[in-house]
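Enquirer: Take a look and give me a structure for this.
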Amino acid sequence: MKASLFLFISAVAGCVTQPPTPDPFTTFTNNTVFVPDADYTSWRTIYGRSLQLADGSLLMTWEDYPPEPPLDAFPIYRSTDGGATWGSYSSVVDTVNGWGMRYQPFLYTLPVSMGDYPAGTILAAGVSTPANLSGAYIDLYASTDQAVTWAFVAHIAYGAGPETVTNGNQAIWEPFLLHYDGQLVCFFSDQRDPLHAQKLSRLSSSNLTSWPTDSTDVVAYSTYTDRPGMATIAHIQSKNDYILTYEYCGSADCTAYYRVASSPLEFDSATGNAVVSNDSSHSSPVGSPYVIWTNATGTDMVIMNGASQSALFVNDDSVGVDGWRMVEVGQWASYSRQLRVIDDNGVQRLFIANGGNMVTLSTCNWVACGVVDLDLL
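Expert: The predicted structure is shown next:
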C-alpha cells in the first residue's frame, strides 16, 4: 500500500463502456460482474480477486464499500458459465473483531491437508480494521463446503495502527498466501518496523491456527521512505524457481519490480529488477503488480501486469531482464488486477479480475472480468 500511487491511479482511470453479456465459455473483455449502488462510499469497489472451484465454477471477491451498517464484508460472487454471468453466492464476514472485513481479500485453495483442514479447503485472508482505522488484523477464514459458508481460523498478524499509508503508522496490508514445504506462508506489506516506512514480510504456519509473532523480512530497503509492497508470487515449475513481483514505491516511484529465487523463502537475498518492456517504448508497469506462470499452451510463460496500463508483460521461464514483451489484450486497467489460468470448459484460458480504480466516489468503478486466449500471448 502506498500514498503516491493514489493520485496516479486517479489520473489514468476512466469510464469503460460495459459491453453486452457474452456467451458462456467464450473469450471476452470488460464483462460486468457487479455494479455498486449509488450510495456506495470510498472507492465503491477495488482490488478484485478470483478462484476456480473443483467443479469448474469461478468465484470473485473484492473490497466493497456500501454504507455502514452492516460492517464491511468481502462479497463472494459465483459464475457457472465461464465468467459470462455472475450471482451473489456468499460473503466473508468479520465474526471476531466487530470491525468488518475491509481491505485486500485473497482467495486460495489449500493443496494439502493442514491441521484440522483437509486438502481442498478454501481460504480467505484479508485486513479487518474498524471504520476509524485504529488497528488492524490480517485474518484468515476457511470454508470446507466450497465457499458456501465461512468460519474464522486465526489472526495471522496485528498492526497497532492507524491503518493508513502515513509513514510511521503501524499498518499491515495485502496478504498473499502460498503453501510451501509443509507451511502456509503469508506474505504481506508491513509498516511496523521503525527502520522502514514499509517493507515486505512473511509469516508461516504448519496448522493454519498458530502463527508466530515475529515476522521475517522479504524485501526491505535501507532508505527509510522506500515502500516495497503488494507481493505476489508464482512458482515457475519448469525451472523450479519462484518469482516475486512487488511495487517499489519511494525511490522507484512505484515501478513494478521482480526477484527470482530457488525458494520463496529466499527473496531477501535475490536481486530486484524493474520490469521493462523490450520494445522501443521501454515501458514499465506502475503499481500493484500481479504475476503467474503457465505452460498451458506448451510454452512456458511468466505473465504479469500492473495498475498503470491495460497491457500484459510476458516473459519466458528464464525471466531475463530483456525478455519482457508487452501484449495488449483489451481488458481495462485497474488497481491490483489479478491474473489466473482457468479451465474454461476444457480449454485453458487466462482469466483477468478487475475491481476498479482508486477514484474516490467514481461512478466509473465496478467489478469486471475478462477471459483471453493464451495463444494471443
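
Enquirer: The stretch 51-200 of the chain: strands as residue ranges?
Expert: Under the criterion DSSP state E, counting those that start in this stretch, the stretch 51-200 of the chain carries strands at the ranges 58-64, 74-79, 87-92, 101-109, 122-128, 136-143, 151-159, 172-180, 183-190, 199-205.

Enquirer: Then the stretch 251-377 of the chain?
Expert: According to DSSP E, counting those that start in this stretch, the strands that the stretch 251-377 of the chain contains are 255-261, 273-274, 290-294, 301-305, 312-315, 325-327, 338-344, 347-354, 367-373.

Enquirer: Could you export those strands as CSV, including mean pLDDT, distance to Pro22 and mean neighbour count?
Expert: From N, CA and C alone the C-beta is placed, and that goes for glycine too. Output for the strands of the stretch 251-377 of the chain, formatted as CSV (pLDDT from 0 to 100; distance: least, C-beta to C-beta, whole Å; neighbours: other C-beta atoms under 10 Å):
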stretch, mean pLDDT, distance to Pro22, mean neighbour count
strand 255-261, 98, 29, 22
strand 273-274, 98, 35, 14
strand 290-294, 98, 22, 22
strand 301-305, 98, 21, 25
strand 312-315, 98, 20, 24
strand 325-327, 98, 21, 17
strand 338-344, 98, 12, 20
strand 347-354, 98, 13, 24
strand 367-373, 97, 8, 23
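
Enquirer: tell me the contacts of Tyr89?
Expert: Residues in contact with Tyr89 (C-beta atoms under 8 Å, 6 or more residues apart in numbering) are 59, 76-78, 147-148.

Enquirer: Go ahead and confirm Phe351 touches Ser79.
Expert: No: using C-beta atoms under 8 Å, Phe351 makes no contact with Ser79, being 10.0 Å away.

Enquirer: so what's in contact with those two at the same time?
Expert: Residues touching both Phe351 and Ser79 (C-beta under 8 Å, 6+ apart): Leu58.

Enquirer: and Ser210, how many neighbours does it have?
Expert: Using other C-beta atoms under 10 Å, Ser210 has 9 neighbouring residues.

Enquirer: again but with Ala197, I slipped
Expert: 23.

Enquirer: can you pull the contacts of it?
Expert: Shown in contact with Ala197 (C-beta under 8 Å, 6+ apart): 167-168, 191, 224-227, 250.

Enquirer: Give me the pLDDT value at the closest residue to it other than its chain neighbours.
Expert: Residue nearest to Ala197 in three dimensions, not counting chain neighbours: Asn167, with 4.0 Å by C-beta to C-beta, 6 or more residues apart in numbering. Predicted confidence (pLDDT) for Asn167: 98.

Enquirer: Against Gly126, how distant is Asn167?
Expert: From Asn167 over to Gly126 the distance is 23 Å, taken as C-beta to C-beta, to the nearest Å.

Enquirer: Out of the contacts of Ala197, which comes closest to Val347?
Expert: Nearest to Val347 out of the contacts of Ala197 is Arg227 (C-beta to C-beta; 39.8 Å).

Enquirer: Averaged pLDDT, stretch 76-92. What do you get?
Expert: For stretch 76-92, mean pLDDT rounds to 98.

Enquirer: I'm done for today, thanks for sticking with me.
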